[in-house]
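Asks: Pasting the sequence and the predicted model now:
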Amino acid sequence: MMHIAILALPGVQLLDVVGPSDVFAEANRQLGSTYYTIEVVSSSRGPIAGSSGLMIVADRSIHDPIAPVDTLLIAGSPSERLQPVADDILDWVRKTAETTNRYGSVCSGATVLAETGLLDGFRATTHWSQASEFARRYPKVKLEPDRIFVADGAAWTSAGVTAGIDLALALVEQDTGLEVALKVARQLVVFLKRPGGQSQFSTHLLAQAAQKAPIKAVQDYILANLAEDLSVAALSEKAGMSSRTFARTFRLDAGMTPAEFVERARLEEAGRLLDDPTIPMQRVAQRAGFGDMIRMRRAFLRTIGVTPGAYRRSFARV
């Protein structure tokens, strides 16, 4: 049995708490037993006002005795990012972390861990909006600001809000194996390992956000013609630019290279097609523009971390 303690302070982002909690609870259902026990800990017992105004109830306070903790997670608060943390809370986190197998954070909860020194020398991430200030204040932490989550030894940190679900799924995979984690992800209708970093958006949304007309036109062409030649040479001709100018302009406007945009668009289309179990795999690869199964498999493993077959088993309609 694994004991999960989630520290939630007043003003907490509730999804930082309930997102991971639901992942662990669903893992219990998939396993058919209580593998995880989950407790919410706060500065005092009883109701805690979340950032949205809704309330949750702490099972115990930091001043109460607590059973040995296997995993300690610190939930974040959008209203208190990079604000001073009370000494008694920092002391409790340090003391609890001494006997845990893992400790981690969701969103701005990384600030609490950084204040204790528990992230010194470790790779970590936090919400994108506080990354610059976080890096300035905690230079001993090896910040990776565009990661969804980072696991470095005992330290597990995740980016903003929903990234706590990604982190919890990774913990479940480590504890119980890939099959259970995939089942949990499927039940919750989320990626087991979503592609990209914090700067990710769907390719359709990215196309809508493009500022330069030639680039938006090319993005729209890509989305409508995934099986065509989408090399830089072919796309730059569509844009009426030299290859070098097109590649530079595209990256500045889209925040990624043309090749990255094309692959992301093809992955999204493949994921949509894989949702239908009646479409053969080779046909999925062709319609999504990969051409063959080998290229599609490599793209899935490189970007999402699972094979197309595993993805289909997790998300296909039955």
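Replies: Arrived safely.
Asks: Can you report phi and psi for residue 104?
Replies: Dihedral pair for residue 104: phi -160, psi -170, per degrees, to the nearest 10.
Asks: and what of residue 228?
Replies: phi -90, psi 180.
Asks: So it is in contact with residue 286, correct?
Replies: No - taking contacts as C-beta atoms under 8 Å, residue 228 lies outside contact range of residue 286: 12.0 Å. No exception for glycine: its C-beta is placed from N, CA and C like everyone else's.
Asks: Pick out whichever of the two has more residues nearby.
Replies: residue 286 (17 against 12; other C-beta atoms under 10 Å).
Asks: how about the helices of this protein, start to end?
Replies: With DSSP state H as the criterion, the chain has helices at 14-31, 87-97, 109-116, 131-137, 163-176, 178-188, 203-209, 213-224, 232-239, 243-254, 258-274, 281-287, 293-303, 308-315.
Asks: Let me see the contact set for the most far-flung residue of the chain relative to its centre.
Replies: Distance from the C-alpha centroid of the chain, by C-alpha atoms, centre = their mean, peaks at residue 240 (37.1 Å). Going by C-beta atoms under 8 Å, 6 or more residues apart in numbering, residue 240 touches residue 214.
Asks: the domain parsing of this structure - what is it?
Replies: For the chain, automatic domain parsing gives the domain ranges 2-188, 201-318.
Asks: Point out the most buried one among the ones you listed.
Replies: Across the domains of the chain, the average number of neighbours (mean count of other C-beta atoms under 10 Å) peaks for domain 2-188, which reaches a mean of 19.
Asks: so who does residue 122 touch?
Replies: Contacts of residue 122 by C-beta under 8 Å, 6+ apart are 141, 142, 152, 153, 155.
Asks: okay if I get the domains of the chain as CSV plus mean pLDDT?
Replies: Shown next, in CSV, are those (pLDDT from 0 to 100):
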stretch, mean pLDDT
domain 2-188, 92
domain 201-318, 85
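Asks: contacts for stretch 304-314?
Replies: Counting by C-beta under 8 Å, 6+ apart, residues outside stretch 304-314 touching it are 178, 182-183, 185-186, 191-195, 267, 270-271, 274-275, 277, 281, 284-285, 293, 296-297, 300-301.
Asks: Ignore what I typed, I meant stretch 107-116.
Replies: By C-beta under 8 Å, 6+ apart, stretch 107-116 touches 7, 13, 16, 73-78, 80-83, 85, 89-90, 93-94, 97, 103-105, 119, 124-127, 130, 134, 137-138, 141, 155, 157-161, 163-164.
Asks: How about stretch 54-71?
Replies: 2-5, 7-8, 12, 14, 17-18, 39-50, 88-89, 92, 96, 99-104, 171.
Asks: Endpoints of that stretch, how far apart?
Replies: 26 Å (C-alpha to C-alpha, to the nearest Å).
Asks: That one: how far from the chain's middle?
Replies: 25 Å (C-alpha atoms, centre = their mean, to the nearest Å).
Asks: do the same with stretch 221-230
Replies: Distance, stretch centre to chain centre, for stretch 221-230: 28 Å (C-alpha atoms, centre = their mean).
Asks: what's in contact with that stretch?
Replies: Contacts of stretch 221-230 (C-beta under 8 Å, 6+ apart): 203-204, 207, 234-235, 238, 258, 261-262, 265-266, 269, 286-289, 291.
Asks: now do stretch 280-287
Replies: 226-227, 269-270, 273-274, 279, 291-293, 295-296, 308-309, 312.
Asks: and which of those residues is nearest to residue 246?
Replies: Nearest to residue 246, judged by C-beta to C-beta, of the contacts of stretch 280-287 is residue 226 at 18.8 Å.
Asks: Pull up the gap between that closest one and residue 164, please.
Replies: 32 Å (C-beta to C-beta, to the nearest Å).
Asks: cool, residue 47 as well?
Replies: 21 Å.
Asks: again with residue 301
Replies: Taking C-beta to C-beta, one finds residue 301 at 25 Å from residue 164.
Asks: Enumerate every residue touching residue 217.
Replies: Residue 217 makes contact with 238, 239, according to C-beta under 8 Å, 6+ apart.
Asks: how close does it get to residue 241?
Replies: Using C-beta to C-beta, residue 217 is found at 11 Å from residue 241.
Asks: Same check on residue 3?
Replies: 58 Å.
Asks: likewise residue 138?
Replies: 42 Å.
Asks: Nearest residue to residue 109 in space, please, no chain neighbours.
Replies: Nearest non-adjacent residue to residue 109, counting by C-beta to C-beta, 6 or more residues apart in numbering: residue 74, 3.4 Å away.
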